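coords please:
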Amino acid sequence: MSRRKISFMSLLEDYFETYLPYSRGLSGNTINSYKQTFLLLMRYMLDVKNISASKINFSDLTYETLLDFLNWLETDRLCKPSTRNQRLSVLSAFSEYAQNRDFDAASVFRSAIIKIPVKKAKAKQRAVFTRDEIKILLNLPDENYETGLRDKVMLSFMYATGARAQEICDLKVGDIRISISSAAVTLTGKGSKVRQVGISRKLVESLQKYIRHRHIEKYPERHIFSSQTHEQMTISCVEGIYKKYVSMAKEQYSTLFHADSYPPHSMRHSTACHLLEAGVDIVTIKNILGHVSVQTTQIYAEMSQDTVDKKLKEWNESWFGDNQKIEIKKTTDSMPGFLKKR
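The predicted structure follows:
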């Protein structure tokens with residue numbers, strides 16, 4: 001008697017509801033980012049193939065269909081090759097899981113996925129602030145206003161610790177640890193990985209002053225940074241505050257801030273590069289930033305060398321140059337409930 005095949009949707013639900021959170025132990029943010037890939041796949045299957053989410057079978061996910069889906073991401077959704085590759089990686093991880101659960105049902109899907117190559121993406125130039133630009137940025141918030149005081153402390157904390165936006169949002173009063181000789185903060189990063197980062201006395205004083213100002217020093221579970229409407233700040237709020245001051249800086253200091261754009265991660269990049277230029281070893285920087293592998297941190301060594309090369313080029317030209325001067329649109333076809341954010 002042949003074994004009953006497990007459906008695509010049944011396996012996908014088990015993947016998100018059980019395997020990723022409990023077997024893999026992935027964080028809610030990571031799982032939500034994975035869900036976006038399948039929401040897009042289901043949108044493509046409905047709009048292009050006229051197959052609703054509930055009707056998708058593994059047999060529908062052929063090499064041609066999946067390759068066309070990835071091309072659709074670039075042409076219709078205007079995704080960059082790097083984003084396309086991330087979507088492919090998510091599909092690949094699920095295909096491996098599905099094949100292990102039901103080889104016969106998922107074999108076509110798995111074999112199609114492994115035939116699709118990763119697309120070569122143009123290496124993007126990461127924007128990094130100079131030390132002078134950092135000083136300007138940190139001095140822009142007006143401490144005479146409630147939000148200005150918050151913004152100054154938050155931006156200072158971002159630079160001093162290299163914290164991610166989500167780590168800023170999750171920071172609580174109880175995460176600050178102070179002893180006679182030192183001070184540190186506990187940050188919870190990707191995959192719920194916890195790390196301790198040492199902070200200066202000056203930053204501690206700023207944090208304590210702000211915490212006392214908010215009257216939350218006796219409440220270790222309170223979030224340090226709040227928005228005007230929520231007790232816990234959101235990533236979009238952190239990004240909005242950051243972009244506000246970068247725009248002000250570019251407008252007021254036209255001879256500085258030359259990069260076309262400075263995404264929020266630029267502060268983290270700047271922390272890493274400045275630490276490296278100050279002589280801090282790469283392994284220590286890896287631990288400060290919370291990277292799993294030192295290879296991820298190694299990019300900052302290359303970025304730092306770019307800074308050296310740029311300065312050398314400017315010096316040569318000045319002396320020897322010729323001239324010395326993802327919304328998903330609504331539809332009546334409902335998406336699976338387990339793919340909604342939590």
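
For the strand or helix carrying Lys135, name the packing helices and strands.
Secondary structure from DSSP states H and E places Lys135 in helix 131-139. Here helix 131-139 touches helix 146-161, helix 235-252, helix 265-277, going by 3 or more CB pairs under 8 Å, 6 or more residues apart in numbering; DSSP states H and E. For every residue, glycine as well, the C-beta is placed using N, CA and C.

Nearest to His215, out of those helices?
With respect to His215, and counting by CB to CB, the nearest of the helices and strands packed on helix 131-139 is helix 146-161 at 12.7 Å.

Pull the residues that contact that closest one.
For helix 146-161, the external contacting residues (CB atoms under 8 Å, 6 or more residues apart in numbering) are 134, 137-138, 141-143, 163, 168, 171, 185, 187, 197, 199-200, 203, 206-207, 209-210, 213, 225-226, 228, 238, 241-242, 245, 267-268, 270-271, 288.

about what we covered before: how many degrees apart are the helix holding Lys135 and helix 235-252 in direction?
Relative orientation of helix 131-139 versus helix 235-252 (axes from the mean of the first three to the mean of the last three CA atoms, to 10 degrees): 120 degrees.

So Thr186: helix, strand or coil?
Secondary structure, DSSP: H, G, I helix; E, B strand; the rest coil: Thr186 is strand.

quick one: it and Lys193 touch, right?
No: using CB atoms under 8 Å, Thr186 makes no contact with Lys193, being 11.3 Å away.

Among the two, which residue is more densely surrounded?
Legend: neighbour count by other CB atoms under 10 Å for Thr186 and Lys193, higher for Thr186 (15 against 12).

contacting residues for that one?
Taking CB under 8 Å, 6+ apart as the test, what Thr186 contacts is Asp175, Arg177, Val194, Arg195, Gln196.

What residues of the helix holding Lys135 count as buried?
The neighbour-count check on helix 131-139 (16 or more other CB atoms under 10 Å) flags Glu133, Ile134, Ile136, Leu137, Leu138 as buried.

mind listing the strands for this structure?
For the chain, the strands defined by DSSP state E cover 176-178, 183-188, 194-198.

Please identify which of those is closest to Leu20.
strand 183-188 (18.1 Å).

strands paired with the closest one, and their directions?
Here strand 183-188 is paired, per DSSP bridges, with strand 176-178 (antiparallel), strand 194-198 (antiparallel).

okay, and for the stretch 201-342 of the chain, where does confidence drop off?
299-334, 342 (pLDDT under 70).

all helices of the stretch 201-342 of the chain, in order?
Counting by DSSP state H, counting those that start in this stretch, the stretch 201-342 of the chain has these helices, from start to end: 201-213, 235-252, 265-277, 282-289, 294-320.

Any idea how far stretch 233-249 is from the middle of the chain?
15 Å (CA atoms, centre = their mean, to the nearest Å).

for stretch 106-119, same thing?
Computed by CA atoms, centre = their mean, the chain-centroid distance of stretch 106-119 equals 26 Å.

what do you get for stretch 69-84?
Stretch 69-84 sits 19 Å away from the centroid of its parent chain (CA atoms, centre = their mean).

May I have that stretch exported as CSV, CA atoms only?
Output of stretch 69-84 as CSV, limited to C-alpha atoms (Å, rounded to 0.1, in the frame of the first residue of the first chain):
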residue,chain,number,x,y,z
PHE,A,69,9.2,33.6,-10.7
LEU,A,70,12.8,34.8,-9.8
ASN,A,71,12.9,36.8,-13.1
TRP,A,72,9.5,38.2,-12.2
LEU,A,73,10.9,39.5,-8.9
GLU,A,74,13.4,41.5,-10.9
THR,A,75,11.3,42.7,-13.7
ASP,A,76,7.9,43.3,-12.1
ARG,A,77,8.9,43.8,-8.4
LEU,A,78,12.1,45.6,-9.3
CYS,A,79,14.1,43.5,-6.9
LYS,A,80,17.9,43.7,-7.0
PRO,A,81,19.9,40.5,-7.8
SER,A,82,21.0,40.3,-4.2
THR,A,83,17.3,40.2,-3.1
ARG,A,84,16.6,37.6,-5.8
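
one step back: now the helices and strands packed on helix 131-139 in TSV, with mean neighbour count and distance to Val128?
As requested, the helices and strands packed on helix 131-139 are exported to TSV (neighbours: other CB atoms under 10 Å; distance: least, CB to CB, whole Å):
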stretch	mean neighbour count	distance to Val128
helix 146-161	20	12
helix 235-252	16	13
helix 265-277	21	5
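
Now for the nearest residue to Glu133 once chain neighbours are set aside, how many residues are close by?
Spatially, and ignoring its direct neighbours in sequence, Glu133 is nearest to Leu256 (5.4 Å; CB to CB, 6 or more residues apart in numbering). Leu256: 14 surrounding residues under other CB under 10 Å.
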